[in-house]
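> pasting the sequence and the predicted coordinates here, then a few questions.
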Amino acid sequence: MHDIHVEGMLLPDVFQDVAVIEKLTPSWKDFKSYLKLKQKEMTLEELITKLEIHEGSRRIAGWTDDSGEAKANLME
């Protein structure tokens, strides 16, 4: 998308949103489905905000990362 902007062309937010959603890794499958089924259009900024919030929730909950390894805090 950067090349398109360099050329001075503009893309609608919907197209940019879909491109970002499609780039999500497999561990984001459920959230990706949720975003695809949303009826309300959102700006790119709103999408990024939702992704940041969801990523923070995943980190707090200790969900697995993209490699499939469980994340946990170990105490000795």
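Looks like it came in fine.

> quick check, central residue of this structure?
With distances taken as Cα atoms, centre = their mean, the residue of the chain nearest its centroid is Leu51 (4.5 Å).

> which helix or strand contains that residue?
helix 44-61 (DSSP states H and E).

> what do you get for Ala19?
According to DSSP H and E, Ala19 maps onto helix 13-22.

> give the buried residues for that helix.
By 16 or more other Cβ atoms under 10 Å, the buried positions in helix 13-22 come out as Gln16, Asp17, Ile21. Yep, even glycine has a C-beta here, placed from its N, CA and C like the rest.

> so, low pLDDT: which residues of the protein?
Within the chain, the set of residues satisfying pLDDT under 70 comprises 1-5, 64-76.

> the same query, at a cut-off of 80, please.
Across the chain, the ranges flagged by pLDDT under 80 are 1-14, 38-39, 63-76.

> distance to Tyr34 for the buried residues of helix 13-22 - can I get that in CSV?
Converted to CSV, the buried residues of helix 13-22 look like this (distance: Cβ to Cβ, whole Å):
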residue, distance to Tyr34
Gln16, 18
Asp17, 13
Ile21, 10
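
> doesn't Ser33 make contact with Ile21?
No - applying Cβ atoms under 8 Å, one finds Ile21 not in contact with Ser33, separated by 9.7 Å.

> give the buried residues for stretch 42-50.
Neighbour-count burial for stretch 42-50 [16+ other Cβ under 10 Å]: Leu44, Leu47.

> what comes into contact with that stretch?
Asp13, Gln16, Asp17, Val20, Ile21, Leu35 (Cβ atoms under 8 Å, 6 or more residues apart in numbering).

> can you do 10 Å?
Outside stretch 42-50, the residues that touch it by Cβ atoms under 10 Å, 6 or more residues apart in numbering are 11-21, 31, 34-35, 38, 40.
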